[in-house]
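Visitor: Quick one, structure for this:
(2 chains)
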Amino acid sequence: MRRLIALVPVTVLLGLAACGGSDSTIATSPSEPTPPISSSGANVASITVGAGPSAPSIISANTAFVSVTICAPGSTTNCQTIDNIQVDTGSAGLRIFSSVLSSSIALTQENDTNGDGGPVVECTAFADGVSWGPVKMANVQIAGETAASIPIQVIGDPAFPTPPNACLAMGPTEEDTVATFGANGLLGVGPFVLDGQDYYACPEGTCSQASADVQQVANPVASFPVDNNGVIVELAGIPGGVATSPTGSLVFGIGTESNNGLGSATIYSLDPVYGAYITVGFNGTSFPMSFIDSGSNSINFVDSAIPTCSGSSGASNFYCPSSTISDLMATNTGANGATSSATFSVANAADLFNNNPNATAFLELAGPNPFPSSFDWGLPFFFGKNVFTAISGDSTPGGDGPYVAY
Amino acid sequence: MNFFTSRRWALGVALLIQATSLPALAALGGDVSSVANDQQKMKGTILVSPAVAYTVHEIQTPSGTVVREYVSAAGKVFAVTWHGPHAPDMQQTLGTYFAAYTTAPRPLHPDHKHFAISEPGFVLQSAGHMRAYFGRAYVPQLLPENVALGDIQ
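Guide: The predicted model follows:
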């Protein structure tokens, strides 16, 4: 209640505030200097914004990948390293596609010990589809960090071929293969620990809602013995706005090592009610359901003045202005009232793809947001920045999560 | 959020009495007086808010997700919206338009936080991430005059 009262005046102000105020301005223009990127340390995994594993059905754009090592629970030798795992600060938990997982890795099936019992299988809902697969226990190693015996989702396991109708009803399609998902797996390192998805118990192939106490798939970072209060996504700037397989780092922990301090970053605390939202002001409008998300591939917002790409362009989910619109400005405000401006540009997405057929990173890729209350800073926002995501309830030198900082 | 919720609750109690005597809701494109039963299927409580050109029927599901159905004066559900921590039952919400939802073309450069359909007779815009889903769908031909798309959310 106290938080909300504090928020209201800020939100009202956002609609009135014009650009050029006294707030600090964070530029995402190609000329921006890049903050240092951590390149070594047991808490540093290498990111590549690469082509992904799913061509020709999906051509990855602005998708950050890391490698993850999956081991049998308790084992350091029965392991497999899998690349092309997408880094997602907008979800929680590790998901791996069954097709890329060697059958020699002896993961342990989670079972529902209450009710009818049976193996636990998860239905994961994304805005563009659902993913179905069992929950298995694994040791998860990323860089030098290990989460011991945590639940992960194995998507597309042939032992559980058919999702319940209630699962299929939540999305337009099943995304149970690498070809339909766009990655070998998804590493959810967002501000929440648990994923809040639907769990079923499936004894003898018949699935019903699992009991409430089954272990949910959870952010692996929270299970690391150290460096477990959040992550930093550190990506180099993109001079010229277009790049092929640029790299960066996924750094574990905030203020826990010499390479993961907050420095001068500003903390924007997140709405803890359910959405982990910030408020964005843009074009005189306040967008209260906004977020900063490495798992979104573009900057998404409503602006009826910018034309959407034609269906025949293959880019109809993006904007296609006749020429690049530069120096747009938006204002980010955290639930703690911290506020700053960020500038960005919107290029013609069809031209970006057509003129740079081998490129995988696009600073000026933007698209219409489906919902008029939301402004989504996707991966373009991360280029040239170190973006911190602190886990809900965890303490850091800058205060408790959930927050983003940059 | 508690502030708004509590205000909505107060209004909801007043309108609930009226709502329970109304026919159950239809899905997108359906007739409000038909025997569709989104509310029962979603096990939700309902709130009805009359506006100038249409009526908003709001279903609060046990998961905390809110589904709103926009009903024209002609009694047709011309738009639906949703927001909340759990993805809604889209099959129930979209009704006969669920088929168009499941067969729409897939983008070449997708992410998992957005999905949109823009066909002459069916528009759907879905977004969000785990524990925060939102979106809307509408039938352009059924939109009452003087309804701004920005009001549908």
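Visitor: For A:E174, give me phi and psi.
Guide: Main-chain dihedrals, A:E174, degrees, to the nearest 10: phi -90, psi 140.
Visitor: burial of it, as a residue count?
Guide: 19 (other C-beta atoms under 10 Å in any protein chain shown). (Glycine included, C-beta is placed from N, CA and C.)
Visitor: quick one: A:L107 and A:Q153 touch, right?
Guide: No: using C-beta atoms under 8 Å, A:L107 is not in contact with A:Q153; the gap is 11.0 Å.
Visitor: In terms of neighbours, single out the busier of these two.
Guide: Between A:L107 and A:Q153, counting by other C-beta under 10 Å, A:Q153 is the more crowded of the two (30 against 21).
Visitor: and the nearest residue to that one once chain neighbours are set aside, how many residues sit next to it?
Guide: Nearest residue to A:Q153, sequence neighbours excluded (C-beta to C-beta, 6 or more residues apart in numbering or on different chains): A:R95, at 4.3 Å. Around A:R95 there are 26 other residues, counting by other C-beta under 10 Å.
Visitor: next structured bit after the helix or strand harbouring A:R95?
Guide: According to DSSP states H and E, A:R95 maps onto strand A:92-97. Counting by DSSP H and E, the next helix or strand C-terminal to strand A:92-97 is strand A:108-109.
Visitor: Go ahead and measure how far that next one is from the middle of the chain.
Guide: Centroid displacement of strand A:108-109 relative to its chain, using C-alpha atoms, centre = their mean, to the nearest Å, is 26 Å.
Visitor: just to revisit the earlier point, quick check: neighbours shared by A:L107 and A:Q153?
Guide: Shared between the contact lists of A:L107 and A:Q153 (criterion: C-beta atoms under 8 Å, 6 or more residues apart in numbering or on different chains) are residues A:K136.
Visitor: Identify the residue of the stretch 301-406 of chain A closest to chain B, quick one.
Guide: A:P370 (3.0 Å; C-beta to the nearest C-beta).
Visitor: contacting residues for that residue?
Guide: Counting by C-beta under 8 Å, 6+ apart, A:P370 touches A:A127, A:N300, B:H114, B:F115, B:A116, B:Q125, B:S126, B:A127, B:F134, B:G135, B:R136.
Visitor: Then A:G255?
Guide: Contacts for A:G255 (C-beta under 8 Å, 6+ apart) come out as A:N229, A:G261, A:L262, A:T396, A:P397, A:G398.
Visitor: Repeat that for A:G367.
Guide: If a contact means C-beta under 8 Å, 6+ apart, then A:G367 has A:S298, A:I299, A:N300, A:T308, A:N317, A:F318, A:Y319, A:A349, B:H114 as its contacts.
Visitor: mind giving me a markdown table with these and columns for secondary structure, neighbour count and pLDDT?
Guide: Output for the contacts of A:G367, formatted as a markdown table (DSSP: H, G, I helix; E, B strand; the rest coil; neighbours: other C-beta atoms under 10 Å in any protein chain shown; pLDDT from 0 to 100):
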| residue | secondary structure | neighbour count | pLDDT |
| --- | --- | --- | --- |
| A:S298 | coil | 29 | 98 |
| A:I299 | strand | 28 | 98 |
| A:N300 | strand | 27 | 96 |
| A:T308 | strand | 19 | 94 |
| A:N317 | coil | 25 | 92 |
| A:F318 | coil | 28 | 96 |
| A:Y319 | strand | 25 | 97 |
| A:A349 | helix | 27 | 98 |
| B:H114 | strand | 27 | 94 |
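Visitor: And the residue nearest to A:Q153, how far from chain B?
Guide: Separation of A:R95 from chain B (C-beta to the nearest C-beta, to the nearest Å): 11 Å.
Visitor: cool, A:C71 as well?
Guide: From A:C71 across to chain B, the span is 25 Å (C-beta to the nearest C-beta).
Visitor: Over to A:N139?
Guide: 23 Å.
Visitor: OK, contacts around the closest residue to chain A within chain B?
Guide: Distances between chain B and chain A by C-beta to the nearest C-beta are smallest at B:Q125, namely 3.0 Å. Neighbouring residues of B:Q125 by C-beta under 8 Å, 6+ apart: A:P368, A:N369, A:P370, A:F371, B:F115, B:A116, B:I117, B:G135, B:R136, B:A137.
Visitor: Would you confirm that the first one contacts B:V123?
Guide: Same thing as A:P368. No: counting by C-beta under 8 Å, A:P368 does not reach B:V123; the two are 11.4 Å apart.
Visitor: Where do the strands of chain B begin and end?
Guide: With strands called from DSSP state E, chain B shows them at B:45-50, B:54-60, B:66-72, B:77-84, B:114-119, B:122-129, B:132-138.
Visitor: So of the contacts of A:G255, which two are at opposite extremes in space?
Guide: A:N229 and A:G261 (12.6 Å; C-beta to C-beta).
Visitor: Let me know the secondary structure of the closest residue to A:Q215 other than its chain neighbours.
Guide: Leaving out its chain neighbours, the residue that sits closest to A:Q215 by C-beta to C-beta, 6+ apart is A:P151, at 4.7 Å. Taking DSSP: H, G, I helix; E, B strand; the rest coil as the rule, one finds A:P151 in the strand state.
Visitor: Give me the nearest residue to the residue of the stretch 301-406 of chain A closest to chain B, chain neighbours excluded.
Guide: Nearest to A:P370 is B:Q125, by C-beta to C-beta, 6+ apart, at 3.0 Å.
Visitor: Considering the contacts of A:G255, which possesses the most neighbours?
Guide: A:N229 (24 neighbours).
Visitor: burial measure for the residue nearest to that residue when sequence neighbours are not counted, as a count.
Guide: Spatial nearest neighbour of A:N229, chain neighbours left out: A:D394 (3.9 Å); criterion: C-beta to C-beta, 6+ apart. A:D394 has 17 neighbouring residues, counting by other C-beta under 10 Å.
Visitor: one step back: describe which strands the strand holding A:R95 pairs with in its sheet and in which direction.
Guide: strand A:145-155 (parallel), strand A:185-189 (antiparallel) (DSSP bridges).
Visitor: and the stretch 51-200 of chain A, which residues reach chain B?
Guide: A:57-61, A:63, A:88, A:90-92, A:124-129, A:165-166, A:168-173, A:175, A:180-182, A:186, A:188, A:190, A:192, A:195-197 (C-beta under 8 Å from any C-beta of the partner chain).
Visitor: shaky segments in chain A?
Guide: Chain A contains residues with pLDDT under 70 at A:1-34.
Visitor: what's the longest strand in it?
Guide: Every strand in chain A considered (DSSP E), the longest is strand A:129-142.
Visitor: Which strands and helices lie in contact with that one?
Guide: In terms of contacts (3 or more C-beta pairs under 8 Å, 6 or more residues apart in numbering or on different chains; DSSP states H and E), strand A:129-142 is packed against strand A:64-71, strand A:92-97, strand A:108-109, strand A:120-126, strand A:145-155, helix A:165-168.
Visitor: And the second one, what's buried?
Guide: Put plainly, it is strand A:92-97. A:A92, A:G93, A:L94, A:R95, A:I96, A:F97 (16 or more other C-beta atoms under 10 Å in any protein chain shown).
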